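Colleague: My questions concern the predicted model and sequence given below.
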Amino acid sequence: MDVLPTLRESPAVAVIFASTLVGVMGVSLISPALPAIQEAWGISESQASLLLSVFTLPGIVLSPPIGVVTDRIGRKPVLVPSLVVFGLAGGGIIFVSDFTLILALRALQGAASSAIIMLTVTLLGDMFTGQQRQTLIGANAAVLAVGAAGYPLLGGGLAALTWAAPFACFFVALLVAVPGITLLAEPDRSETDASSSIREFLTGSTPMAPFALLYLAYFGIFVLLYGAQLTAVPFLLSNEFSLSSANIGVLLALPAVMMGTAAMQADRILGVVTDFQSIALGFVSYGVGLAIVAVAESIVVVAGALLLFGLGQGLAEPITDTALNERAPDEFRGSIMSIRTSVLRLGTTVGPPLTVGAATVIGYRQTLFVSGAGAAVLGLVWLVLPRL
């Protein structure tokens, strides 16, 4: 299925994809700017890193209640205001002269980001079914990959001008909110009370094992992504290969490019293997890629291994979104997807300190090797599980 005809027939999809690009800005655009922010404000590295942790933390707690709200009042009444809050809170930082207030605005922006990330995938699940849903969720993951690859380069370049320049980019969310008002239509959903539906669902006859495994997959995906790839690998490349930040940024873009390429083939992948088999193969690919990085002595070998990691990301992340969407009943898909956002935010938050903590004890190469071996074993075990 071609995505372009769908964009012409349903411009709301373009708003959803644009919202995805907005939602993924919050961390990847600011990470390269942290040294410039630290210098400009005269703060420590740990204080500067709070700009990331206060952004991701609210989503762990707030995503489930936001999901319940979207099931009760609708998707559009939450998504459009969230885009506005994201843009004003993030862009408004350039006018603030108190670092504590900056952290408060980042926390508010992070809560809005969690709602945006949750609702983009939820809306695709609401609006489409079957192969079309699989293709569009894969395309949404590819859009996310484009942002993940491009934003660090943009953020680093803008921060070279002034620490505040990357934050001005957040105002683009307002430009997405405006067409969202007219182009987004509220999907038809059951009017069943969301909270009672969740209780009935959890206590009913529907097997919970597939949902538990999918949430476990989300947690593993984002611990590996933010802990191993985005934290341990850069330190390894700097310490062992003496690469500059710019060269590290180029190498870290490789997995995102490969992820986007694989994600665009989601419907074809699911024509050959089941969703759970694809996720399992993704973890095997993660593991082999990280293990190769851990033992590599050549930067060319590292680049190839990072492409393998990106393949794992493309096999796992968009397929997990598809699998959860297809199993979620329409009347409380928002609540189910909100737990997904909460779990991935948890993985995003604990991954870096967990990895750095392990590396202080056994080193970055050993940490990456252990992480890779664990991911590969998990994937192989998953492959032999009964079909769910």
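Modeller: Cool, the structure landed.
Colleague: Skipping its backbone neighbours, what lies nearest residue 347 in space?
Modeller: residue 222 (3.1 Å; Cβ to Cβ, 6 or more residues apart in numbering). All C-beta atoms are positioned from the backbone trio N, CA, C, and that covers glycine.
Colleague: any idea which helix or strand carries the one you found?
Modeller: Counting by DSSP states H and E, the element that carries residue 222 is helix 209-223.
Colleague: now that helix, how far from the centre of its chain.
Modeller: Offset of helix 209-223 from its chain centre (Cα atoms, centre = their mean, to the nearest Å): 13 Å.
Colleague: Which SSE is immediately downstream of it?
Modeller: helix 233-241.
Colleague: For that following helix, name the packing helices and strands.
Modeller: helix 245-263, helix 299-327, helix 364-383 (3 or more Cβ pairs under 8 Å, 6 or more residues apart in numbering; DSSP states H and E).
Colleague: highest average neighbour count across those?
Modeller: helix 299-327 (a mean of 23; mean count of other Cβ atoms under 10 Å).
Colleague: Backbone dihedrals for residue 274, please?
Modeller: As for residue 274, its main-chain torsions (degrees, to the nearest 10) stand at phi -80, psi 170.
Colleague: Around it, how many other residues sit close by?
Modeller: Burial measure for residue 274: 14 neighbouring residues, criterion other Cβ atoms under 10 Å.
Colleague: do residue 94 as well
Modeller: Neighbours of residue 94 (other Cβ under 10 Å): 16.
Colleague: Contacts only, for it.
Modeller: By Cβ atoms under 8 Å, 6 or more residues apart in numbering, the contact set of residue 94 is 164, 167, 168.
Colleague: list the contacts for the last one?
Modeller: Meaning residue 168. Neighbouring residues of residue 168 by Cβ under 8 Å, 6+ apart: 91, 94, 158.
Colleague: and if we set it to 7 Å?
Modeller: 91, 94 (Cβ atoms under 7 Å, 6 or more residues apart in numbering).
Colleague: Distance-wise, check it relative to residue 162.
Modeller: For residue 168, the distance to residue 162 (Cβ to Cβ, to the nearest Å) stands at 9 Å.
Colleague: Also residue 40?
Modeller: From residue 40 to residue 162 the distance is 8 Å (Cβ to Cβ).
Colleague: what does residue 377 give?
Modeller: Relative to residue 162, and taking Cβ to Cβ, residue 377 is found at 47 Å.
Colleague: can you give me the strands in the stretch 51-200 of the chain?
Modeller: Counting by DSSP state E, counting those that start in this stretch, the stretch 51-200 of the chain forms no strands at all.
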